[in-house]
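K.L.:
Task: produce atomic coordinates for the following.
(one chain, ligands or ions: 1)
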Amino acid sequence: MNILVINTGSSSLKYQLFNMETEAIIAKGNCDRIGIDGHIKHVPSNGKPTLKSDIPLPSHSEAINFVIRTLTGPEHGVIDSLSEISAVGHRVVHGGRKFAQSVLINDDVLKAIIACVRLAPLHIPANLMGIYACQKAIPAAPQVAVFDTAFHLAIPDYAHVYPIPYAYYDEHDIRRYGFHGTSHRYVSEKAIDYLGGNAEGMRLITCHLGNGASLAAIKDGKSIDTTMGATPLEGLPMGTRCGTVDAALVSVIAEIEGGLSIGEALEILNQESGVLGISGISSDFRDIMNIAEFNFDEAVEVEEIEDLELVHRSRLALDVFKYQIAKFIGSYIVALGGVDAIVFTAGVGENSPSIRRGICDWLKSFGIFIDGDKNGNAEGNGVTDVTEAGSSVAVLIIPTNEELIIARDTMKIVFSTESRK
Ligand code: ADP
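P.N.:
Below you'll find the model as predicted:
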């Protein structure tokens, strides 16, 4: 059984085709700049050449059609016909209060997803375009929606209700939803397996640290709190997003900038803040680290003064990032009544020893210690245990794999629906 996983953004579409007997990736790729001009990268795993090409992609529909032609074509293809795609799994960013689990897409489900557009107006329309395009292009394949918010729907009311007038919650569904749920679920399941397999009583804090970043507190295998909120702006500082700040800053910034609208001020908090805002360098952590590692002692030239300011700001951006993460971890130790393991994942969490070390340095008073050598040399696909001997809490690095969770959920749902027929 082959399953195609689709992840659409407003101008992009990422895909992976899985062989579910082995869970191997048969091909993967992405279409970028949809609606602007168009670029595709397609990587087959059968030895055929990679395709990288600028091609016109006026809409998601054209992008899906191009992906399908490429998957089945003679030069870069990996399957002979569309009938070899048994089902399609879609990442859907928001499932509102309705979807606590992945679901087979039918007309009622589509209506319910459309009703969530007001909660994620930038993302869900793109997800819907991906679903419609696949329904048209591969009509025989069942489609499944896997929601970023589903894993966090179990968060108890005292942690998901905002202290604002209750009608916003009751009548308008405004609450903490959280995102990255598929990633937090995947790495927490892996961690539970690694730590003995019994979710009951297990207390985990999973740190998804990429361009977007969030933490989740997980007890008995369920999310009981997370840092992102009604929107993905809340919580940790991120590549370009500010995370949790004084809400009144929206009007303060609007005023400083000479009378911006709320939307324009929010744009600054969403697009120009986070580590980009502080460093003035980049939203990419590698770029910031490159500058932050500059050696002050070797800088003697006066012209380097401006550079030194950028070094200072880059270091500060990373310090703010690490401190805020550690602070939230502290609060989640309260929420969980202790902690058994801290799990690092996503681009920064998986690849940056210095960020992991910097976060753990704040956590020593909880008996959390990371091993210098293991942390420095960590690499690999499975669970990497970087706990220092004597630490009372495990520290793990687990690469995330949201696509695999989407493929597994899709297979489970399609199989159980078929077997009920
Ligand atoms: P996204 O949220 O876009 O899925 P990723 O999880 O791929 O993001 O993470 C991207 C981030 O990871 C980038 O900021 C990148 O600089 C950072 N990153 C990747 N490798 C490293 C590394 N070796 N050291 C530090 N940061 C890294």
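K.L.:
residue boundaries of the strands in the stretch 1-150 of the chain?
P.N.:
Per DSSP state E, counting those that start in this stretch, the stretch 1-150 of the chain carries strands over the ranges 2-8, 13-19, 24-32, 39-44, 51-54, 87-92, 103-104, 143-147.
K.L.:
Now tabulate those strands in TSV and tack on distance to the ligand, mean pLDDT and mean neighbour count.
P.N.:
All C-beta spots, glycine's among them, are computed from the backbone N, C-alpha and C. Shown next, in TSV, are the strands of the stretch 1-150 of the chain (distance: least, C-beta to the nearest ligand atom, whole Å; pLDDT from 0 to 100; neighbours: other C-beta atoms under 10 Å):
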stretch	distance to the ligand	mean pLDDT	mean neighbour count
strand 2-8	10	96	25
strand 13-19	10	96	22
strand 24-32	12	96	19
strand 39-44	15	96	19
strand 51-54	19	96	13
strand 87-92	12	97	26
strand 103-104	24	97	18
strand 143-147	16	98	27
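K.L.:
Could you export those strands as CSV, including distance to Val117?
P.N.:
As requested, those are exported to CSV (distance: least, C-beta to C-beta, whole Å):
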stretch, distance to Val117
strand 2-8, 14
strand 13-19, 19
strand 24-32, 22
strand 39-44, 27
strand 51-54, 31
strand 87-92, 11
strand 103-104, 17
strand 143-147, 14
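K.L.:
Go through those strands and name the closest to Ala137.
P.N.:
Across the strands of the stretch 1-150 of the chain, Ala137 has its closest neighbour in strand 87-92 (9.4 Å, C-beta to C-beta).
K.L.:
Determine the set of other helices and strands touching the closest one.
P.N.:
strand 2-8, helix 124-137, strand 143-147, helix 402-420 (3 or more C-beta pairs under 8 Å, 6 or more residues apart in numbering; DSSP states H and E).
K.L.:
contact partners of stretch 53-68?
P.N.:
6, 8, 13, 15, 29, 31, 33-35, 37-40, 42, 82, 126, 129-130, 132-134, 136-138 (C-beta atoms under 8 Å, 6 or more residues apart in numbering).
K.L.:
Check the burial of the residue of the stretch 151-300 of the chain found nearest the ligand by counting its neighbours.
P.N.:
Closest contact between the stretch 151-300 of the chain and the ligand, by C-beta to the nearest ligand atom, is at Gly210 (2.5 Å). As a burial measure, Gly210 scores 18 neighbours (other C-beta atoms under 10 Å).
K.L.:
Pull the contacting residues for it.
P.N.:
The contact partners of Gly210, taken as C-beta under 8 Å, 6+ apart, are Ala346, Gly347, Val348, Gly349.
K.L.:
which element is the second one on?
P.N.:
This means Gly347. Taking DSSP states H and E as the criterion, the element that holds Gly347 is helix 346-351.
K.L.:
Please name every helix or strand in contact with that helix.
P.N.:
Secondary-structure packing of helix 346-351 (3+ C-beta pairs under 8 Å, 6+ apart): strand 203-209, helix 353-361.
K.L.:
For these, state which one has the densest average packing.
P.N.:
Sort those by mean neighbour count, taking mean count of other C-beta atoms under 10 Å, and strand 203-209 sits at the top with a mean of 27.
K.L.:
Now do whichever residue of the stretch 301-421 of the chain sits closest to the ligand: how many residues are near it, please.
P.N.:
Residue nearest to the ligand within the stretch 301-421 of the chain: Gly347 (2.0 Å; C-beta to the nearest ligand atom). Neighbours of Gly347 under the rule other C-beta under 10 Å: 18.
K.L.:
Look up phi and psi at the closest residue to it other than its chain neighbours.
P.N.:
In space, Gly347 comes closest to Gly210 once its chain neighbours are excluded; the distance is 4.3 Å by C-beta to C-beta, 6 or more residues apart in numbering. Per-residue torsions, Gly210: phi -130, psi -150 (degrees, to the nearest 10).
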